[in-house]
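Peer 1: My questions are about this predicted structure, shown below with the sequence.
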Amino acid sequence: MNKVLLCAETLPEETRTALVPAHVKALCEMGYELFVQSDAGLTIGFTNDDYKEAGAKIIENLQEGYDSCDIVVRINKPDDSINAMREHTLHISCFDVFNEKEAVQTFADAGIRMVSLEMMPRSTIAQKMDIQSSQASLAGYYSVILAASRLPKIFPMMMTPAGTISPARVFIIGVGVAGLQAIATAKRLGARVEAFDTRPVVEEEVKSLGAKFVKIDLGEMSQTEQGYAKELTPEQVELQRQGQAKVCAQSDIVITTAKVFGRKAPLLLTKDMIDTMKPGSIVVDMAVKTGGNVEGSSPDEDIITDNGVMIISGDSLERAVPKDASNMFSGNIFAFLEHFWDSENKTFNLDYNDEILKGCLITADRKIIHERFRGE
Ligand code: NAD
């Protein structure tokens, strides 16, 4: 197993590519054979010649690629071509296993070994393969840039002969990978930043970035072994809403990133709370695709409420910075392929007992083999 196909993305809104020429070159040097679907890197300015120079063969037709390769790499799940792949193909992409049950079954029935990159375990060794982290960092950064560009005021305090401008107030709800980058970016731009997260360990991280941690007593709060937040009870969610209502009302920008792995995101900003915000304020809902933290948010369009608050979709903001997002995604894929490279036998070492593979390999041998989804 050493022939890798890089597919061109088919979603019109996708701007990234899963492998950049630098990593293609490094993989070829390692012993992989690379096939690249024509124009796969064009959205970020990489031509077929760039990939050819890196050592890849350009494939005009996707089916030709499927027929020639053992490993298929792309960012998004395939549209309707799962059955066009050969049995035993190793398919590596983002894949929402929790909400795509039918497609999981199609992968299983087709005998494809499907890796979901979102399911990558959160271990130190797998950190460099973790697309959630690499993409969320960029999305967190961009959420602030986007909100700042729409806000009718500046971020820093400014003292001028014409008067003093107070700093913008930014409230970040959910301080994981994206939230931390959002805090750092807002601080760099000069805003006054407050933040809240249900995981107790976060308070120190928030303070170390120079932001204020909003204290809300929700009773017992903890995190899973993998570092994810645990789901709150409805009573705790209500307590949280009450505790953060005043901060929201005073903020110029609220960015929500609160997610609970494998479950619907909690609704943390209700219409009542948005009604208390100032006209011109901005809300960015980065959990909009997984249920939404903000009442009325939409993944497809920005909403202006009756009181003049703009609710922006924070879905896949990494796509707004595709060059860096592709480089990082590609670095994650490279690390994965490097980790499993068996240099003696010049093949991808498909060891089902490897902890990393156990965490992210969902289907194989015409079955759903991942223990969390088996039998569902
Ligand atoms: P995530 O995307 O699942 O959630 C984002 C944040 O929302 C989390 O911090 C979570 O605690 C928070 N949240 C959930 N419910 C909330 C609520 N009701 N109110 C406020 N906040 C709420 O998480 P993430 O950003 O991917 O990462 C979470 C943690 O895992 C971080 O500490 C991160 O450093 C760690 N991590 C470790 C690894 C690794 O070791 N390989 C990789 C990635 C992340």
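Peer 2: Alright, I've got the coordinates. Residues are numbered from 1 along each chain as shown.
Peer 1: for residue 159, phi and psi?
Peer 2: With angles defined as degrees, to the nearest 10, residue 159 sits at phi -110, psi 120.
Peer 1: correction: residue 150
Peer 2: Torsion angles, degrees, to the nearest 10, at residue 150: phi -100, psi -10.
Peer 1: From the ligand, how far off is it?
Peer 2: To the ligand, residue 150 is 23 Å away according to C-beta to the nearest ligand atom, to the nearest Å. No exception for glycine: its C-beta is placed from N, CA and C like everyone else's.
Peer 1: Measure how far the one helix or strand in the chain whose mean pLDDT sits lowest is from the centre of its chain, please.
Peer 2: The helix or strand of the chain with the poorest confidence is helix 234-250; it has a mean of 90 (mean pLDDT, DSSP states H and E). Taking the mean of its C-alpha atoms, helix 234-250 sits 26 Å from the chain's own mean (C-alpha atoms, centre = their mean, to the nearest Å).
Peer 1: Could you list every helix and strand that it packs against?
Peer 2: Counting contacts by 3 or more C-beta pairs under 8 Å, 6 or more residues apart in numbering; DSSP states H and E, helix 234-250 packs against strand 169-173, strand 192-196, helix 271-275.
Peer 1: make it 10 Å
Peer 2: On a contact count with 3 or more C-beta pairs under 10 Å, 6 or more residues apart in numbering; DSSP states H and E, helix 234-250 meets strand 169-173, strand 192-196, strand 253-256, helix 271-275.
Peer 1: give the contact list for residue 339.
Peer 2: By C-beta atoms under 10 Å, 6 or more residues apart in numbering, the contact list for residue 339 reads 125-126, 128-129, 348-349, 354, 356-357.
Peer 1: switch the cut-off to 8 Å
Peer 2: Each residue near residue 339 by C-beta atoms under 8 Å, 6 or more residues apart in numbering is listed here: 125, 129, 356.
Peer 1: Residue 128 is in contact with the last one, correct?
Peer 2: No: because the distance of 10.8 Å does not satisfy C-beta atoms under 8 Å, residue 356 is recorded as not touching residue 128.
Peer 1: Comparing those two, which shows the higher neighbour count?
Peer 2: More crowded of residue 356 and residue 128, by other C-beta atoms under 10 Å: residue 356, with 18 against 15.
Peer 1: Assign a three-state SS to that one, would you?
Peer 2: The three-state label given to residue 356 by DSSP: H, G, I helix; E, B strand; the rest coil is helix.
Peer 1: Could you find the closest non-adjacent residue to whichever residue of the chain sits closest to the ligand?
Peer 2: Residue nearest to the ligand within the chain: residue 176 (1.9 Å; C-beta to the nearest ligand atom). Distances taken as C-beta to C-beta, 6 or more residues apart in numbering place residue 257 nearest to residue 176, at 6.4 Å, with adjacent residues excluded.
Peer 1: got the contact list for the one you found?
Peer 2: Residue 257 is in contact with 136, 140, 143, 172-176, 178-179, 182, 286-287, 293, 314, counting by C-beta under 8 Å, 6+ apart.
Peer 1: can we see that at 7 Å?
Peer 2: Taking C-beta atoms under 7 Å, 6 or more residues apart in numbering, we find residue 257 in contact with 140, 173-174, 176, 178-179, 182, 286-287.
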